[in-house]
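Visitor: Need a 3D model of the sequence below.
(4 chains)
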Number of protein chains: 2
Amino acid sequence: MMSNSKLYKGSLTTIILKLLNEKDKMYGYEITQKVKELTKGELQITEGALYPALHKLEAEGLLDVEVAKVDNRLRKYYMLTEDGAKETVSKLTELESYIKTMQALVSPKFSLE
Amino acid sequence: MMSNSKLYKGSLTTIILKLLNEKDKMYGYEITQKVKELTKGELQITEGALYPALHKLEAEGLLDVEVAKVDNRLRKYYMLTEDGAKETVSKLTELESYIKTMQALVSPKFSLE
DNA sequence: TATATATGCATAAGAAAATTATGTATATAT
DNA sequence: ATATATACATAATTTTCTTATGCATATATA
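Guide: Below is the predicted model:
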C-alpha cells in the first residue's frame, strides 16, 4: 500500500477479497499490477503490506493457495474459500457503510437516516 | 474511534479538521457528541483516540487551543490555525480521491479517467 | 442519601496494519 | 555487463487505533 493518503489503511483486505471475487485466482504480483492499473497508478500496493496480508487471510481460512511454476519462476495463486466469499460480501458492505458515514460527516447533503 | 469497521483508520484527523472548519471552535467532548449525532451512533470516537489526535494536531501547528471553565469544569477549545485551514482542504480532497479510487476498485462502473 | 450517569480531561499498554529496508532468484531488455 | 521486470519473503520501525485506567465535577434517580 503506498499513496499520498493515509485513508487506505485498513482497505487492503477488502481490495484483495474483491479482486479475487472477480477473478477466481490471482497471484501476489498480479494483484499489485491490477491495482496499479485500475487506480491509474494512484495506489501502489507494497510487497511488505501485501504478502503478510495474503498469509493472514490464508491462515484465517479465507483464502486457499496453489503453487505453480511459470517460466521457471514461482507463483502462488490465491483463491477465495467459501468463508472468503462470505467475508467479501461483509467487507464490501462495510466499505459502503464507511463511505456513507464519511459523506454524512463531511457533506451535510448526505445525511444518514 | 469505535465501530464495526476497521476502515476508519486514518479518518479521524480529517473528521476533526472538517468539524472545526464548520464551527470555529469546539472542545473534545463536543466533537465526540457531534460525530455520534451526525452518524446516528454508527461512529463513536473513543477518548483514547481523540485526545492524542488533538494534541498531535496542536503540536503540528494545525490547531490552536484555548482553555475555559464552564460550570466549574474544564474545557479545552480547539480552533484551526491558518495552516490547519489549508490542511483541511487537502484532507477533504484526499477523502474524495480515496472514495473515487475505492469505487473504481470495487465497482467497475466507477472507473477512473 | 447513596449511586449511577453524564460531562470533561489525560495517559499507558498493547494490537493491528502499514512503511521502509532487505534478501533471494530468474528472465529480459539495453 | 547491467538495469529492469517478475516473483516471493521477512524484519525493524512507525502510525493509529483499542482497551484500560485515572482524576474530577454535576446531575439525575433509586
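Visitor: Run a quick neighbour tally on the closest residue to A:G61 other than its chain neighbours.
Guide: Residue nearest to A:G61 in three dimensions, not counting chain neighbours: A:D83, with 5.4 Å by CB to CB, 6 or more residues apart in numbering or on different chains. Any C-beta I mention is one placed from the backbone N, CA and C, and that applies to glycine too. For A:D83, the neighbour count with other CB atoms under 10 Å in any protein chain shown is 12.
Visitor: can you check A:E37 too?
Guide: If we define neighbours as other CB under 10 Å, then A:E37 has 9 of them.
Visitor: Relative to DNA strand C, how far out is it?
Guide: To DNA strand C, A:E37 is 18 Å away according to CB to the nearest atom of the strand, to the nearest Å.
Visitor: That residue: what secondary structure?
Guide: Per DSSP: H, G, I helix; E, B strand; the rest coil, the local secondary structure of A:E37 is helix.
Visitor: next one: the one 4 residues further on
Guide: On the three-state scheme (three-state DSSP), A:G41 is labelled coil.
Visitor: Can you name the residues that contact it?
Guide: Shown in contact with A:G41 (CB atoms under 8 Å, 6 or more residues apart in numbering or on different chains): no residues.
Visitor: near DNA strand D, which residues of chain A show up?
Guide: Chain A has residues A:6, A:9, A:27-30, A:33, A:47-48, A:51-52, A:54-55, A:70-71, A:73-76 near DNA strand D, with proximity defined as CB under 7 Å from any atom of the strand.
Visitor: What about the residues you listed, which are in helices?
Guide: A:G28, A:Y29, A:E30, A:Q33, A:E47, A:G48, A:Y51, A:P52, A:L54, A:H55 (DSSP state H).
Visitor: Which positions are bridged to the residue nearest to the second one when sequence neighbours are not counted in the beta structure?
Guide: Setting aside the residues directly before and after it, A:Y29 is nearest to A:R75 in space (CB to CB, 6+ apart), at 7.8 Å. Counting by DSSP bridges, A:R75 is bridged to A:A68.
Visitor: A:M26 is in contact with A:R75, correct?
Guide: No: contact criterion CB atoms under 8 Å: A:R75 and A:M26 do not qualify, at 9.7 Å.
Visitor: Now do the SS call for A:G84.
Guide: Going by three-state DSSP: A:G84 is helix.
Visitor: Count the neighbours of it for me.
Guide: Once other CB under 10 Å is used to define contacts, A:G84 is seen to have 21 neighbours.
Visitor: wait, what's in contact with the closest residue to it other than its chain neighbours?
Guide: Spatial nearest neighbour of A:G84, excluding adjacent residues (CB to CB, 6+ apart): A:L62 at 3.7 Å. Under the criterion of CB under 8 Å, 6+ apart, the neighbours of A:L62 are A:L17, A:L80, A:T81, A:D83, A:G84, A:E87.
Visitor: can you tell me how far A:T101 sits from DNA strand D?
Guide: Per CB to the nearest atom of the strand, A:T101 is found 13 Å from DNA strand D.
Visitor: isn't there a helix covering that residue?
Guide: Yes: counting by three-state DSSP, A:T101 is located in a helix.
Visitor: give me every residue that touches it.
Guide: Contacts of A:T101 (CB under 8 Å, 6+ apart): A:L112, B:T39, B:E42, B:L43.
Visitor: ok, how many other residues are close to the residue in chain A positioned nearest to DNA strand D?
Guide: Per CB to the nearest atom of the strand, A:G28 is where chain A lies closest to DNA strand D, at 2.9 Å. Close neighbours of A:G28, defined as other CB under 10 Å, add up to 18.
Visitor: Who are the contact partners of the nearest residue to it once chain neighbours are set aside?
Guide: Once flanking residues are discounted, A:G28 sits nearest to A:L50: 5.7 Å by CB to CB, 6+ apart. Going by CB under 8 Å, 6+ apart, A:L50 touches A:M1, A:L12, A:I16, A:G28, A:I31, A:T32.
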